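Chemist: Below is the structure, and that's it, no one-letter string:
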């Protein structure tokens with residue numbers, strides 16, 4: 001969850017509208033799909049669902065280095 005939250009927050013920060021100073025998570029939902037054994041290399045990819053003037057919604061996939069889906073997170077970011 002921490003990895004997905006960080007990746008989604010960075011994506012939102014990089015897409016802030018002009019004049020915004022930062023972003024904060026207002027909602028986050030994570031679905032844990034499968035376990036990843038200790039030592040597994042994980043990657044995370046955040047895709048925008050909606051980027052608006054006040055809110056952004058991002059969906060982040062966490063996968064193993066072999067492409068197995070571990071979790072799916074949807075989060076809403078408030079532009080500050």
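Modeler: Yep, that arrived. Quick caveat, the model's predicted, so the values are computed rather than measured.

Chemist: So which residues of the chain form helices?
Modeler: Using DSSP state H, the helices assigned to the chain run over residues 2-14.

Chemist: what about the strands in it?
Modeler: 23-32, 42-51, 55-64, 69-79 (DSSP state E).

Chemist: Tell me which of the ones you listed sits nearest to residue 11.
Modeler: strand 42-51 (4.0 Å; CB to CB). Quick note: C-beta positions are derived from backbone N, CA and C, even for glycine.

Chemist: ok, residue 36 touching residue 64?
Modeler: Yes. Between residue 36 and residue 64 there is a contact at 5.7 Å, judged by CB atoms under 8 Å.

Chemist: any residues in contact with both of those two?
Modeler: Here residue 36 and residue 64 share the contacting residues 42, 70, scored by CB atoms under 8 Å, 6 or more residues apart in numbering.

Chemist: correct me, but residue 31 touches residue 70?
Modeler: No. Checked against CB under 8 Å, the pair residue 31 and residue 70 is beyond contact range at 10.1 Å.

Chemist: re earlier: dump the strands of the chain to CSV, plus distance to residue 15 and mean neighbour count.
Modeler: Compiled in CSV, the strands of the chain are given as follows (distance: least, CB to CB, whole Å; neighbours: other CB atoms under 10 Å):
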stretch, distance to residue 15, mean neighbour count
strand 23-32, 9, 13
strand 42-51, 5, 14
strand 55-64, 6, 20
strand 69-79, 9, 19
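
Chemist: for the spatially closest residue to residue 22 that is not a sequence neighbour, what are its contacts?
Modeler: Of all residues not flanking residue 22 in the chain, residue 80 sits nearest, at 4.6 Å (CB to CB, 6 or more residues apart in numbering). With contact taken as CB under 8 Å, 6+ apart, residue 80 is in contact with 20, 21, 22, 23, 24.
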